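[1] Turn this into a model:
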Amino acid sequence: MSFLSIIVALVLIFDFINGFHDSANSIACVVSTKVLSPIAAVTMAAFFSFMAFFVFHLKVASTISYGVVRPDAINLNVIAAATVAAIIWNLLTWWWGLPSSSSHTLVGGLIGAAITSSGFGSVITSGVIKIIAFIFIAPLLGFILSYTLSTLIMWIFRKLSPYTIDKWFRRLQIISASSFSLGHGGNDAQKSMGLIWAAMIITGAVSQDAEMPPIWVVLSCYSALALGTLFGGWRIVKTMGQKITKIKPFEGFCAETAGSLALVTATHWGIPVSTTHTITGAIIGVGARKGVTAVKWGMTRKIYWAWILTIPLSGIIGGITYLLFNYLN
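    Sure, this is the predicted structure:
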């Protein structure tokens, strides 16, 4: 088996774990409000994650391939090390029940492996700064949108009974959860495509001038992400849906709608943003509307620390893994 084949297998494993890890982002609200059963929710999320293939251009894949590390500093060992680092960090945070970012662990792994291979000059600073900025922008955007939307809905429907509001938004939440899953698939599957695309260019399997990776790469990455979503990471579902704040169907609708708007915008501009960061900020936003005490800030602090540490710790793992691959090769 060639090293390229091994890398493709590793990336698809990461993609599966990404879906498994991040399924909580798509289904936590709709499961916690009991609008859908867990099985129905992950099936819906997996379907719409795959359907993103028909909706979004591959701008995020291009960012991962060319926007984080200089192309001349990327080799197969760097890609393999970054992927293994991302797999390790995702599994650790899944075990701890922390909703960390698969996007940022992959970026951190790439940075650490590239620096170990070619020095600090191999990193495209402007691209990394943009990605790091969205560690703060994504949850803030989700917070503002969900807070505003939930406040507006409460005012518009202020004369209706809680029962009527609950009845209507139990239906609408299925739409909002589906749209968030669509945004999740559009942004996250493309990160894996970007890695395989870069590896194929390095080995000459595709032309450097190709506008997109082969269609089998695109379909494989969307399929792996959808399949991982179908299995679901239930530890993180509990954290997202219960340990931040208690939510009602209309609040779940607001959080998912805010998150999907942020994801679609980021994917349109080719920014590999964290679905985790986005929906967490949105859930905090609907909780904060009810008052400061409605949000469990102790759990929120743990989540934020996981976000802040993801890139540097993934970078360290990526650097160590690169040395191991370099030694073995």
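[2] How about Phe47: what's its closest non-neighbour residue?
    Ala226 (7.2 Å; CB to CB, 6 or more residues apart in numbering). Placement of C-beta: from N, CA and C, glycine included.
[3] Distance check, that neighbour against Ala266.
    For Ala226, the distance to Ala266 equals 20 Å [CB to CB, to the nearest Å].
[4] Could you do Leu149 as well?
    18 Å.
[5] ditto for His104
    Taken as CB to CB, the span from His104 to Ala266 is 13 Å.
[6] just Ala255 next, same as before
    17 Å.
[7] for Ser178, same thing?
    With the distance defined as CB to CB, Ser178 ends up 18 Å from Ala266.
[8] higher neighbour count, those two?
    Applying other CB atoms under 10 Å to Ser178 and Ala266 shows that Ala266 carries more neighbours, namely 25 against 19.
[9] Give the full set of residues in contact with that one.
    With contact taken as CB atoms under 8 Å, 6 or more residues apart in numbering, Ala266 is in contact with 134, 138, 187, 272-273.
[10] Can I get the buried part of those residues as one PyMOL selection?
    Those of these that count as buried under 16 or more other CB atoms under 10 Å are selected in PyMOL with:
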select buried, resi 134+138+187+272+273
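[11] What is the nearest of the contacts of Ala266 to Ile202?
    The nearest member of those to Ile202, counting by CB to CB, is Pro272 at 20.1 Å.
[12] Just read off the phi/psi values of the closest one.
    Backbone geometry at Pro272, expressed as degrees, to the nearest 10, gives phi -80, psi 80.
[13] Could you look up the SS state of Asp209?
    coil (DSSP: H, G, I helix; E, B strand; the rest coil).
[14] how close does it get to Thr265?
    For Asp209 relative to Thr265 (CB to CB), the value is 29 Å.
[15] before we move on, the earlier item: just the ones in strands from the contacts of Ala266, please.
    In strands, judged by DSSP state E, none of the contacts of Ala266 are found.
[16] Nearest to Leu328 among the contacts of Ala266?
    Nearest to Leu328 among those, counting by CB to CB, is Pro272 at 28.8 Å.
[17] Next one, pLDDT for the closest one please.
    The model reports Pro272 with a pLDDT of 72.
[18] what about it, distance to Ser49?
    Taking CB to CB, one finds Pro272 at 16 Å from Ser49.
[19] Same question for Trp269.
    Counting by CB to CB - Trp269 and Ser49 are separated by 20 Å.
[20] These two: which is more packed in?
    Ser49 (30 against 12).
[21] so where's this protein shaky on pLDDT?
    1, 23-25, 65, 98-99, 232-245, 292-300 (pLDDT under 70).
[22] for it, what's the longest helix?
    Longest helix in the chain, counting residues (DSSP state H): helix 162-203.
[23] Check which helices and strands the helix or strand that Leu149 is a member of sits against.
    Assigned by DSSP states H and E, Leu149 belongs to helix 125-156. Applying 3 or more CB pairs under 8 Å, 6 or more residues apart in numbering; DSSP states H and E, one finds that helix 125-156 makes contact with helix 102-118, helix 249-268, helix 275-288, helix 297-328.
[24] quick one: it to chain centroid distance?
    15 Å (CA atoms, centre = their mean, to the nearest Å).
[25] buried sites along that helix?
    127-128, 130-131, 134-135, 137-143, 145-147, 149-150, 153.
[26] How about Leu323, nearest residue that isn't a chain neighbour?
    The shortest distance from Leu323 to any non-neighbouring residue, by CB to CB, 6+ apart, is to Thr116 (6.3 Å).
[27] No more questions from me, cheers.
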